[in-house]
Each structure stands twice: as structure tokens, then as C-alpha cells.
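> give me a model of this one.
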Amino acid sequence: AAECSLTALMTVQTQLDYALLDAESVQEKENLIYQYLKKVDGRQQDLKVPEFDEGLEWLNTKGPLSLAKDLPGKVVVLDFFTYCCINCMHVLPDLHELEQLHSDKDGLVVIGVHSAKFPNEKVLSNIKSAVLRYNITHPVVNDADAKLWHELEVSCWPTLVVVGPRGNLLFSVVGEGHKEKLFLFVAAALKYYKEKGELKYGAIGMKLYRDSLPPSMLSFPGKVTADGTGQRLVIADTGHHRILVVAKSGQVLHAIGGPDSGRKDGGFSEARFNSPQGVVMKDDSIYVADTENHLIRKIDLLEGKVSTVAGIGIQGTDKEGGAMGPQQPISSPWDVALGSAGDDDKKNVLWIAMAGTHQIWALFLEDGKLPKGSDSRKGTCIRFAGSGNEENRNNAYPHKAGFAQPSGLAPAPEEPWNCVFIADSESSTVRSVSLKDGAVKHLVGGERDPLNLFAFGDVDGAGINAKLQHPLAVAWNPQKGALYAADSYNHKIKVVDPKSKQCATLAGTGEASNDVGPGFSQSTFNEPGGLHVGESGRILYVADTNNHQIKILDLDTLTVSVLPVLAEEVVDAFVKPSTAVKKMLKLPKSTPKIEMSPLSVSSGQNVQIQLSLKLPAGTKLTKEAPSFWALSAEGDEWLLQGQHETGDIMDLSHPLAITAAIPTSIRTPSPTLCVSACVYYCSSGGSACMMKAVLFKQPLQIDNKAEGDLAKVVLSYNFT
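Below is the predicted model of the structure:
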């Protein structure tokens, strides 16, 4: 057998590809592929795929796989991919569907050969995060030096290579959008080699990486935003396929969708998303870039409903648009932002970073007009800027400009900017598109050659001398006149002065880690993907994606904290926040439990509890997420019949009075009454918020010897 390259294969496969274009029926295509297989299989020497190097890092398997030792008798699909690539992401659903049709026990094995574009993508821990984020369940090998890529002469991402049961090269498919051809190739190969008796049907040793991880409250949060008051945050909990609305304290108010992916409108508990990313609020509505559903969704918090406002639910290839939203196919929207298009300042348009077609689109929420465009009616979804070619091309005419997977948007409507800033991830640049005339301009990163998408690095500097690595988000701070960029693959937050084009590191060390302060220079991040400026320019919220956290950067004190996301159960849309908290009480494992001395009581007697709680100095209760107390009885629920089991904690300047009545009908003589308190408080400046709880266990001895109508007990605790 001779080792080979895709170049050698293409001299054989090209004739088949042309014939398939002319074929009219599936049967005719199947016959053509079958004859091609007989021809390729009848060669005197197989085109032999090189073996995987020893010592490579593998995921989702019990150990390394070898074409010669583990995969003889299997039809193997090699998916050459890099996890930043939107085209590679588009192929993953096809591979997942293929694996549902044919498993390793049918003779098929899919292997992801990760061949990195960016240095950051060579790191195994980052590939692990991508495998989890994209729900990849087939084996993945980290070919960090792209050795197999070079040996086979692969030229672009994604490339799919179909290998026969002898390690013999059969087919290759380059790029996305070739699902039918891939499925025909694989089905034909399985049938052909089954007839020849060369297939083996045993399972390979699979061990999914995701099964080894503990659950977390957030899973790869992609983006974060806040309402106009700053009192409610919205988190795209991307890995859990849901949207969370939380109070500034971190208490979950609404959980919408999840935990599984899907595509469904309706109430909050029945709605489904698929890896949502961008989120933005307009009054009591949230617009969502439902990325892998290729949709724009609208969450109405007042009605408790989710609806689709753009997209048809399958990936579109249209690069012009112009149809009404629900009839307009779109492709992998990654971020959304509110803006104005027309003669007035009302927020009448939703800007969309359309990563899948490398463009910026607009969804009109009211009638309006794009710069250098015609009038558009409410509901129209249309291209604003970008030719659709994957380029780093700036141009005075928006349709002639080129983007490369735009992933973050930050409108800056104030003069002299009057633009939307764009994190253009695959060109490693920050760009802008003018809201006056649509001109697309460079700000920082990249280089002058519009076709060079490999000009990345980690360099502070001005304009083109600054270097970024796959930035995924930008956020504008009008109060400080500063633009923040999530330099995602450098694990940093950078700040840009749009006037001088100076770009400098604001926070992060460049190490992919999870250190929290105390200062910006000591804090670390792991592929942060979302930013939002809040609190009148004082706070920068960071979706620290691979750390599964929302971090809070106080731009005045230069300190970092973590937003504590505090709920563990889904809250229904129509439950008021204070009531919702009480319904879903589940104390953290770290909650201190205080055992009290037994209290002697009589049936029919009232127990008056004085609850005295003190907060740390310099903090105050958070009004947005009302603190509360609750009674429970650890299996003796009869003790609570007719009681007020919960109540709000609004003021801790004096002890709270809680009264519990001992029932006249006693079932057990020694029940335990539990009193828990859950308080939400922030520092006086509001830069850090947290939840703390305490549980008191008060044993009762019901002996009817206690005198008087009232038994008193004092419960005290100082939070630290």
C-alpha cells in the first residue's frame, strides 16, 4: 500500500463529483458511487491514510485509537476541524445525524481531528471545553502540530475524509453544505464492504468526557446584558440551552428553556433553544440570538411567552435578505444589539452579528431606513453590511466590505462615533460600521491585507500594531469614552480608545485560569465571550465562558468579583421574585447549621421566635431580591399546619418576630422546628453582591408542663 494525499485522491474522485452533479435520482447517484468504489477498491495499491502519531491527546475514548490496531474493519470519517470555525460548527449537526443512522456497531466511526488555527486552540483544556460546548460525542484527537493535516495535504476547515476498512482513502468532502453527498458516500461504503465481508461490528472503547464532570449552575455562558435600570441581568446560559434572568444579587428570577436543546416557542417551561448566544433587553422583552437554531427569538417577560421573530429554523445561505423575519432564512446569529436606523433616535432596529454568512444584518422592530438603503417596513430582516465573503475588508460601501465571523456588537450612537463597533473574531480585529453612511472601518488588530486572516497575537499598541486573538465581544462605555473587547483566545479584557486607536490590556494575565483578583492584573479568565457595561459606566460584566461564571469588574475600584447565581430550580414566569425565592428554597451545602438547646412547650402554646441577624460592615440588604425566612420541620410537617411558613426580611436594624403555634393534636413528643434565613446583600457601592444563609434547629419537648400562653426563644447570627 502507498501512503497518500488528498491531491492524489482528487485525480480519481473529480470524475465522480462531476457525474453526481448530472445525476437526477438518488438511485443513479448510488450506482455511480458503487461503481466508483469498485474502481478505487480494485487498485493494485490502496491510497493509505497515515497512522495517527503516538502520544497524541484523545478525548471521548478510553485510550488512543490506531487505524491499524483499533479501526480495521471500520468505515471511518475523519473530520478535520478547528473549534473557532463557524463552518466547522455547521458540519457538526450533520455528523451527529450520521452517527444516529450508523454507529460503531454498524461499522462506522467518526473521529474529529482537531487541527488548530490559533495557538490557543492547541491547548487540550480548551479543546475539552469546545467538545463540551458543542456536545461532540465521537472521538476527538488533538493533532496540535497538524501533522496528519499536512501529510494528507488538507487545505481548509472543515474537510471530511472517508476511510475504508483497510485504512484506504475513499472520498473527501471540503467545506460545509455537503450533507447529502457525505451520507451517500458513507452508506455506499458500508454496503459495499459489508457485501465483501470486510466490516467489523464491535464497539470501540468510548468514554465521554462530559460524563466525568460535576454539574454547574452555568454552562459556558456566552453573553450577558442588563435592563435599562441595571436591576436585572440576562445571561445566555449557552451550554444549558437556556436564558436566565437574574437580579443584580444573582438570584434567578426566570429560567427560560433548557436543559436540553430544541426548537420550540411557547411558555417559559416548554420553550427550547439551541446554544443561544447574544441577548439584549428592550423594556420587558429580551431578544435572543438562538445560534444553532439559526433564529432570532423574543422573550416577553410580561406574557411569559417565547416567540420567533426571524429565521426558519434551518441554516440559510441567503446573503441579501429582505423578507419578513419569520420567512427569512438566516445563518448562525451570534450577537444582537438595539439601535436606530432612520431620522429619529428611537430604538427601531435589532442589529445582528450574522457569523454564519460573515455579515451584519438588521431586523426592523419599527419602520426605518438603513444608511445607503431604502425604506424598510417593520418586521423586515435584511443585510446591512458585508458581502458574505470571509474577509477583513474595509470599504466606504457597506455591501462591499467583508467580515470574518463577526461575533460581538456594541452600538455607540453618540457623536462623533455614531457607529456599531464589531468584534470580528476570525480576522482578530475590532471594526466599526457607520450609522451615517454604512462605511466599514478598521479600529485595532489584524493587518492591511484583507485576505490574511492569520494576523493575530497578543500585543498592546495602536491600530494595526495592536494584535488580538479571536475576540468575541465588545462593549461601549459612553461615560468613559472607552470600548472594551473580550480578547477571548488571549484570555484577557482589553480597552480601546477609539480616538487614538490605542489598545491596552485592562484585566487578565494571558493565562487560561480562574483567579479572582483582588485587582485586574491578578485576575484570570478562560475564553471570555460576552461583555456588558452597567451601573452608569462603573461596572463591566464579563461572561467568562469556559469558567462557567459571570465576573464583575468594578472600573472605579479596579476589583473583580463573581456574580453568585443562586437558584437551582426553574422558576415559572408568573411567580413574583419574592414568592419564587420562597418556593425554591434550597440552602447551599456550606450553610451553617446551629443546634439549639431543647425548648419545653405545651400543645396549643405559641412559640415566639426573635430572629436577630447582622450583616457585615459596609453592606446592605438588596431590595431587588427580597431576603426571607422560612420554617420547616424535618419530617414532622404536622407541626406546620396553619402556620405562616415564610416571610420577607426587609429590615435587620431590629430583631424579627416570628410566631409558631404548637398544634393541639400532637403526633410525636420531640419534633424539631427548623428556622432558616436567606439574605441577599451588596456592598454599599453595589459592586459586589452575595447570598448567605443560616439554619437554626430548635428541638421541642412537648410535655404539657410548660406554663403560660407564650414560649420565647432568641436566634442570633452574625454574617461574615
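
> give me the pLDDT value at the most centrally placed residue in the chain.
The structure's the chain has its C-alpha centroid closest to Thr238; by CA atoms, centre = their mean the separation is 2.9 Å. The confidence metric pLDDT takes the value 97 at Thr238.

> go ahead and confirm Ile314 touches His294.
Yes: applying CB atoms under 8 Å as the test, Ile314 and His294 come out as touching, 6.3 Å apart. Using the backbone N, CA and C atoms, a C-beta is placed for each residue, glycine as well.

> settle it for me: which of those two has more neighbours?
Legend: neighbour count by other CB atoms under 10 Å for Ile314 and His294, higher for His294 (24 against 13).

> distance of that one from Met89?
Per CB to CB, to the nearest Å, His294 is found 11 Å from Met89.

> find residues that contact each of those two.
With contacts taken as CB atoms under 8 Å, 6 or more residues apart in numbering, His294 and Met89 have Ser332 as neighbours in common.

> report the mean per-residue pLDDT for stretch 269-281.
The average pLDDT within stretch 269-281 is 97.

> now do the end-to-end distance for it.
Start-to-end span of stretch 269-281 (CA to CA, to the nearest Å) is 20 Å.

> please apply the same query to stretch 354-372.
The first and last residues of stretch 354-372 sit 20 Å apart, counting by CA to CA.

> in it, what counts as buried?
Under the neighbour-count criterion of 16 or more other CB atoms under 10 Å, stretch 354-372 has 354-366, 368, 370-372 buried.

> for stretch 200-214, same thing?
Neighbour-count burial for stretch 200-214 [16+ other CB under 10 Å]: Ile204, Leu208, Tyr209.

> now, these that are in strands?
The members of these all map outside strands under DSSP state E.

> give me the nearest residue to Thr7, chain neighbours excluded.
Nearest residue to Thr7, sequence neighbours excluded (CB to CB, 6 or more residues apart in numbering): Glu153, at 5.2 Å.

> list the contacts of Phe81.
Here Phe81 is in contact with Cys88, Val91, Gly112, Val113, His114, Ser115, Trp157, Pro158 (CB under 8 Å, 6+ apart).

> in which helix or strand does the nearest residue to it once chain neighbours are set aside reside?
Of all residues not flanking Phe81 in the chain, Cys88 sits nearest, at 3.9 Å (CB to CB, 6+ apart). Cys88 is part of helix 86-101, with elements assigned from DSSP states H and E.

> next secondary structure after that helix?
Following helix 86-101 in sequence order, the next helix or strand is strand 108-114 (DSSP H and E).

> what does the helix or strand just after that next one contact?
Heading C-terminal from strand 108-114, the first helix or strand you meet, by DSSP H and E, is helix 124-133. Applying CB under 8 Å, 6+ apart, the contact partners of helix 124-133 are 57, 59-60, 83, 114, 120-121, 136, 140, 142, 209-210, 213, 219-220, 238-239, 275, 512, 526-527, 545-546.

> which among those count as buried?
Buried members of the contacts of helix 124-133, counted by 16+ other CB under 10 Å: 59-60, 83, 114, 120-121, 136, 140, 142, 209, 219-220, 238-239, 275, 512, 526-527, 545-546.

> mind listing what's buried in stretch 668-686?
Quick answer for stretch 668-686 (16+ other CB under 10 Å): 671-683, 686.

> from those, which shows the smallest pLDDT?
Of all of the buried residues of stretch 668-686, Gly686 carries the lowest confidence score, 56.

> circling back to that earlier point, how about the contacts made by the residue nearest to Phe81?
Counting by CB under 8 Å, 6+ apart, Cys88 touches Asp79, Phe81, Thr82, Trp157, Pro158, Glu176.

> which stretches of the stretch 451-600 of the chain have low pLDDT?
567-586, 588 (pLDDT under 70).

> ranges for the strands of the stretch 351-500 of the chain?
Remark: strands assigned in the stretch 351-500 of the chain by DSSP state E, counting those that start in this stretch are 359-364, 368-369, 375-376, 380-385, 406-412, 419-424, 429-434, 440-445, 461-462, 473-477, 482-487, 492-497.

> a markdown table for these, including distance to Leu98?
A markdown table is the format used below for the strands of the stretch 351-500 of the chain (distance: least, CB to CB, whole Å):
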| stretch | distance to Leu98 |
| --- | --- |
| strand 359-364 | 29 |
| strand 368-369 | 43 |
| strand 375-376 | 40 |
| strand 380-385 | 31 |
| strand 406-412 | 27 |
| strand 419-424 | 32 |
| strand 429-434 | 35 |
| strand 440-445 | 37 |
| strand 461-462 | 46 |
| strand 473-477 | 33 |
| strand 482-487 | 34 |
| strand 492-497 | 38 |
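
> can you say which of the ones you listed is nearest to Ala661?
strand 473-477 (53.9 Å; CB to CB).

> helices or strands up against the closest one?
If you count contacts as 3 or more CB pairs under 8 Å, 6 or more residues apart in numbering; DSSP states H and E, strand 473-477 packs onto strand 406-412, strand 419-424, strand 482-487, strand 530-534, strand 539-544.

> export those to TSV and tack on mean neighbour count and distance to Ile382?
As requested, those are exported to TSV (neighbours: other CB atoms under 10 Å; distance: least, CB to CB, whole Å):
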stretch	mean neighbour count	distance to Ile382
strand 406-412	27	16
strand 419-424	28	15
strand 482-487	27	26
strand 530-534	25	26
strand 539-544	27	28
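
> just put those strands in CSV and tack on distance to Leu95.
Formatted as CSV, these follow (distance: least, CB to CB, whole Å):
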stretch, distance to Leu95
strand 406-412, 23
strand 419-424, 27
strand 482-487, 29
strand 530-534, 27
strand 539-544, 27
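
> out of these, which comes closest to Arg232?
Across the helices and strands packed on strand 473-477, closest to Arg232 is strand 530-534 (CB to CB), at 10.5 Å.

> which outside residues touch the closest one?
Taking CB under 8 Å, 6+ apart as the rule, strand 530-534 contacts 221-226, 230, 233, 236, 277, 408, 410, 472-477, 484-486, 493, 539-543, 545.

> thinking again about what came up before, so which of the strands of the stretch 351-500 of the chain is nearest Ala19?
Across those, the minimum distance to Ala19, taken as CB to CB, is reached by strand 359-364, at 34.4 Å.

> can I get that closest one in CSV? Just the C-alpha atoms.
C-alpha atoms of strand 359-364 as CSV (Å, rounded to 0.1, in the frame of the first residue of the first chain):
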residue,chain,number,x,y,z
GLN,A,359,-22.3,39.9,7.7
ILE,A,360,-24.1,42.4,9.9
TRP,A,361,-27.9,42.3,9.4
ALA,A,362,-30.9,44.3,10.7
LEU,A,363,-34.3,43.3,11.9
PHE,A,364,-36.7,46.2,11.9
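
> and the angle for that strand with strand 440-445?
Strand 359-364 and strand 440-445 meet at an angle of 120 degrees, taking axes from the mean of the first three to the mean of the last three CA atoms, to 10 degrees as the criterion.

> direction included, what does strand 359-364 pair up with?
Using DSSP bridges, strand 359-364 pairs in its sheet with strand 349-354 (antiparallel), strand 380-385 (antiparallel).

> to Lys298, which of those lies closest?
Taking CB to CB, strand 349-354 is the member of these nearest to Lys298, at 9.5 Å.

> helix/strand/coil for Lys39?
Look at Lys39: counting by DSSP: H, G, I helix; E, B strand; the rest coil, its state is helix.

> you'd agree Leu190 is in a helix?
Yes: looking at Leu190 with three-state DSSP, it is inside a helix.

> that one: what's it in contact with?
Residues near Leu190 by CB under 8 Å, 6+ apart: Val75, His102, Asp106, Gly107, Leu108, Leu199.
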